[in-house]
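**Student:** Quick check, what structure comes out for this input:
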Amino acid sequence: MYAINIRKAFLSLAFVFVTATLLAQDLSDAKIKKNIEPIDNSLQRIMQLEPKKYEYNVSDFKHLKLQAGSQYGFIAEELQSIFPDLVKEKSVNYMFGKNIYRNATIKTIDEAGLIPVLVASVKEQQAEIEKLKMEVLQLKKQTASVQ
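**Tutor:** The predicted model follows:
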């Protein structure tokens, strides 16, 4: 009797495995994305950013549950003028009084979204450094041949 139940359980598991395998799909990252394009002028745009050190006004905005202490980042409105896609609006619902709720809208920054832009700007800088190295090398050769 136990052997029959074990066999039924095994067959059920095998069926589930085969079904899951048939339904599983490996999708590449590039396949699930569209409108893929390089990030242009990244260095120029990064140079416009003004990183800040700040503290949230925790005492006046307790209902927003902001993190206390020193923070490093950007002012959303400033960043929005340079990278509008990285600034989103978030709705926060909070209790204003007894059984009274209010809604506040705050801007948030997708800081992880800055990483590809930073990488692109480093690559731009490196290309410029390599170009300058070649120019210095050529100038050294020219001055050596003149002497």
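**Student:** What helix or strand is the closest residue to residue 87 other than its chain neighbours located in?
**Tutor:** Excluding its sequence neighbours, the residue lying closest to residue 87 (C-beta to C-beta, 6 or more residues apart in numbering) is residue 80, at 4.1 Å. Quick note: C-beta positions are derived from backbone N, CA and C, even for glycine. Using DSSP states H and E, residue 80 sits within helix 76-82.
**Student:** so how far is that helix off the chain centroid?
**Tutor:** Remark: helix 76-82 is offset 16 Å from the chain centroid, using C-alpha atoms, centre = their mean, to the nearest Å.
**Student:** Stretch 48-67 too?
**Tutor:** 20 Å.
**Student:** Equivalent analysis for stretch 116-136, please.
**Tutor:** 22 Å.
**Student:** quick one: buried residues of the longest helix along the chain?
**Tutor:** Counting residues, the longest helix found in the chain (DSSP state H) is helix 114-146. Residues of helix 114-146 classed as buried by neighbour count (16 or more other C-beta atoms under 10 Å): 114, 117, 120, 121, 124.
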